[in-house]
Structures are given as structure tokens and as C-alpha cells.
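Chemist: Need the 3D shape of this:
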Amino acid sequence: MTKVKLQTLSGMHDILPKDQPYLRKIQKFIENATHYYGFSKIEVPVLEQAEVFSKGAGLSSDIVEKEMYAFKAKGGDLIALRPEFTPGIVRSYIEHGMHNLPQPVKLWTMGPCFRHDRPQKGRYRQFLQASLEALGDKSASIDGQIIQISYDVLKDLGFKNISIEVNSIGDSECRPYFKKMLTGYFKSRKSSLCADCQRRLKENPLRILDCKEEKCQQVKSGAPQIVDHLCEQCHAHFKQVLEFLDELELPYTLNPYLVRGLDYYTKTVFEISEKSEVGVSYGALASGGRYDGLVRLLGGRDTPACGVGIGISRIMELMIEKELKVGDKKQEEPKIFLAQLGQLAKRKSLKLFEEFREAKIPVAESFSKDSLRAQLKTADKMNIRWVLIFGQKEALEDFITLRDMESGEQQEIKLTKVVEEMKTKVK
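Modeler: Residues are numbered from 1 along each chain as shown. Predicted structure coming up:
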């Protein structure tokens, strides 16, 4: 009788004690970043009704069609192991009436996800992921902030050659027309597509743009680009997103063929990766976008939303491979509140907020609130003494108004000297 050797299932892996410091560092940095930007932690179940994922991702998506672990429970319900976090968080937002809370509701979580993917380097069937979701705000500043946080985490972990690819895939207003154009283009080249893409041509031609097969890459390089066919609203939103990214000086490139493989995305989509020294990407380490229709699709009210999934397992593998250093950073409560009014001030304050982060000075903010009164009320509730007021006049004349909430006194500070000035105040 031969002895059976027990080992991990295909696509599963152990995280050994020697690798735990890397995992702890990644988790700590994600926790620090989410805390800094005002995200609250949520835990959602590993098991959900399969419909939670199939409704949003789309029945023809790879996640639902090939990768989701779905099975019938004893009671006959079709349930699934979560392949990602976003639909479960949206389900929780609806179920617990979170639309009644001050918007946006910023939530984050991390833990294992499961996909019956073909096991290969950097792809596991059980993998660790973090998810950041901002629900209830249509402002392009939220898109910018989510991309900024994802970039910050990777930069702080020691990645140097970070690449951000961004695109807009429009919405229900402009996408149907583009899909028709795309179908026409690919139909005449059907024989040159892989078997999967020939099927996608019927179900969702946008998915062909997401194909990694070499033969399909060649065909799609001549395809029409959705950015040339966006409706007025989507075009304006995307322009604002790019303005925020420019203001933040993030190293992004436009990728007109980036679509992401899930049906629920609208408008902004992005992928962040690390390029090797010879310019080859190691694969997406963080990816996401806007999903303004998902809350309604899962039974809630119309709610704009934006989020990102950060691939902890893939980041950890790359850190080990690159032998990046492992260390910890301490976290403090903010003593400064940054209040802003108007679009120009909002855009400039994102950059200022980032300067404070680099100087390791915690700053609270409420970018989604427009009224100064509401923002001062928030600062008061948080027991913050120093409030920086950044309005249209300040933004145009490059200064900021500092208010002492204890004495009510105000003074003007040049924008270039704000960080240094506040360093002495909070010590």
C-alpha cells in the first residue's frame, strides 16, 4: 500500500513564518493609509449568495464564468466563496441602510479571496487582497484620492518604478454606441481572435480589449478608442480626474484599451503596477475604478461609488523577490484639519494634503463637503485645534488662512510655508 503524501491543493499556498514580516508590513501600511484618509474598517463574510457577484460582475465575465467557486448549499441556495470584496461591501452598504450616514461612506477591508484561476506565478486560488471603497460621492476628487492612496502604499513599501495606467470607459449614456462600433470593428477580424474573444464578441465586445493573448493584442491595437466617444458628462469627469492626477504629480499614462474585466465599472478605470528595469510589468498590484451603477443593480438606490483592490499576495511575493526592507511606521491622530471651498481649492488642497503626508504630519479632511460651516463642525467634533481654510481667494493668491479653534484668531500663511509653519504649531 503506497503512502499518500498530503500537501496543499493546487493554487493554494502557505505563508510561512519567514514571510510573515512582509505580510505584517503590507497590512500595517494599508491600515495607516486608510486611517489617514478617513476610511473605516468593515468585515464581510467569505460566503455570499452567488447572485451578489454574478449580478454585478456580469454572467459573461471570467470571474463568474470560469473563476468563481459556486455551489449549492444543503437548503438549495446557490452560494459562492468571494472572488473579490466590492459586491459584498455594496450588499452590506444597502442591507444596513448606510445611505442614511453622512456621505461618502469610506470603507476598507482585507482578507482572503478565492478564484478557480489557472495557477501560475503571482496567481493563486486563495489570495489575500485589500479593498477600499468610497460610496456616495460622484466627485472626481474621490477617484484621484483612491489612486493616490494605492500609489502611496506601494511607494511607502519601497517600490520605485511604479506605473499608473488610467482610462475612462464611459457609462450607460455613451457606452452602448461605442460597443456597436467595437462590434463592427472586431466582426470583420473575427477569425484573427482567440476562441474566448470570438465568444466575447457576442456577449460583451469590451472584454476583448482586456484579453492578454498575443494574437488579440495585435487586433485590438487598431480598434476605436472609447475616450474619443465619451458623452459630455463622462468627458468632463475624466478631464477632472486627470487634472487631479496632474496636480498630485502622479506618474500616469493613458491606456485607451484598459477596460477591467467586470461589467459594473463606469467612467474611471485604472491599474497600478511595478515595471522591471527592462520595462516589463510584473502585473497589476492594485486596480479599480468607478462603479456608479452597482448599488442600484444590487437593490439599493442610485449611488455613485469608486474603489480599488490591492493585491497583497502579489505585492508580498514581489517584495520577497526584490528583497525589499521590512520595517514599521508609527501612527498619530491628526492635530490639523484642512478645509477647502471650490474646485480650484479642492484640486490644490489634494497636493497640499500629500505634502503634509510626506512631512509625516497627520491632517484630517472632508473633501466631499462643500460648506465651510459643515467642515468646521467636523473639525470641532474631532477636537482639532488648528484649521487651515483654503478657499477660492486663497487658491488664486497662494496663501492659506489658519484658524485657532480655541481662541478664534485667524492668520494668513503663504502656501509654500504652510507645512513648515504647522510643524512648529503641532510639536
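
Chemist: tell me which element the residue nearest to the spatial centre of the chain is part of?
Modeler: Nearest to the geometric centre of the chain sits residue 308, at 2.1 Å (Cα atoms, centre = their mean). Counting by DSSP states H and E, the element that carries residue 308 is strand 305-311.

Chemist: what's next to that strand, contact-wise?
Modeler: Residues from elsewhere that reach strand 305-311 (Cβ atoms under 8 Å, 6 or more residues apart in numbering): 30, 84-86, 89-90, 127, 129-137, 142-143, 146-147, 149-150, 153, 268, 270, 284-292, 294-295. Quick note: C-beta positions are derived from backbone N, CA and C, even for glycine.

Chemist: For residue 298, which residues are in contact?
Modeler: Taking Cβ under 8 Å, 6+ apart as the test, what residue 298 contacts is 52, 55, 56, 87, 90, 91, 94.

Chemist: any idea how far residue 250 is from it?
Modeler: To residue 250, residue 298 is 31 Å away according to Cβ to Cβ, to the nearest Å.

Chemist: do residue 169 as well
Modeler: 20 Å.

Chemist: Which of those two has more residues huddled nearby?
Modeler: residue 169 (25 against 18; other Cβ atoms under 10 Å).

Chemist: okay but that one is in contact with residue 267, surely?
Modeler: Yes: the pair residue 169 and residue 267 passes the contact test of Cβ atoms under 8 Å, sitting 6.9 Å apart.

Chemist: Which residues are in contact with each of those two?
Modeler: Contacts common to residue 169 and residue 267, judged by Cβ under 8 Å, 6+ apart, are residue 289.

Chemist: What distance do you get for residue 130 to residue 324?
Modeler: Applying Cβ to Cβ, the value for residue 130 to residue 324 is 18 Å.

Chemist: Comparing the two, which shows the higher neighbour count?
Modeler: A count of neighbours by other Cβ under 10 Å puts residue 130 above the other of residue 130 and residue 324, at 25 against 16.

Chemist: Can you tell me which helices and strands the helix or strand encompassing that one packs against?
Modeler: Per DSSP H and E: residue 130 is located in strand 126-135. On a contact count with 3 or more Cβ pairs under 8 Å, 6 or more residues apart in numbering; DSSP states H and E, strand 126-135 meets helix 20-36, helix 86-95, strand 105-114, helix 140-156, strand 305-311, helix 312-322.

Chemist: JSON lines for these, including mean pLDDT and distance to residue 371?
Modeler: Formatted as JSON lines, these follow (pLDDT from 0 to 100; distance: least, Cβ to Cβ, whole Å):
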{"stretch": "helix 20-36", "mean pLDDT": "95", "distance to residue 371": "24"}
{"stretch": "helix 86-95", "mean pLDDT": "97", "distance to residue 371": "25"}
{"stretch": "strand 105-114", "mean pLDDT": "97", "distance to residue 371": "19"}
{"stretch": "helix 140-156", "mean pLDDT": "95", "distance to residue 371": "16"}
{"stretch": "strand 305-311", "mean pLDDT": "97", "distance to residue 371": "22"}
{"stretch": "helix 312-322", "mean pLDDT": "92", "distance to residue 371": "38"}
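
Chemist: out of the ones you listed, deepest packed?
Modeler: strand 305-311 (a mean of 25; mean count of other Cβ atoms under 10 Å).

Chemist: from the chain's centre, how far out does that one sit?
Modeler: Centroid separation for strand 305-311 versus its chain: 3 Å, with Cα atoms, centre = their mean, to the nearest Å.

Chemist: Name every strand pairing with it and say which way it goes.
Modeler: strand 126-135 (antiparallel), strand 281-290 (antiparallel) (DSSP bridges).

Chemist: just to revisit the earlier point, how about the helices and strands packed on strand 126-135 in TSV, adding distance to residue 44?
Modeler: Listed next are the helices and strands packed on strand 126-135 as TSV, based on distance: least, Cβ to Cβ, whole Å:
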stretch	distance to residue 44
helix 20-36	15
helix 86-95	4
strand 105-114	6
helix 140-156	19
strand 305-311	13
helix 312-322	16
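
Chemist: I'd like to know which of these lies nearest to residue 425.
Modeler: helix 20-36 (18.9 Å; Cβ to Cβ).

Chemist: and the protein, what are its domains?
Modeler: The record's domain parsing of the chain by automatic domain parsing lists 17-174+230-322, 336-426.

Chemist: Columns distance to residue 6 on top of the ones you listed, output as a markdown table?
Modeler: Below are these laid out as a markdown table (distance: least, Cβ to Cβ, whole Å):
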| stretch | distance to residue 6 |
| --- | --- |
| domain 17-174+230-322 | 17 |
| domain 336-426 | 47 |
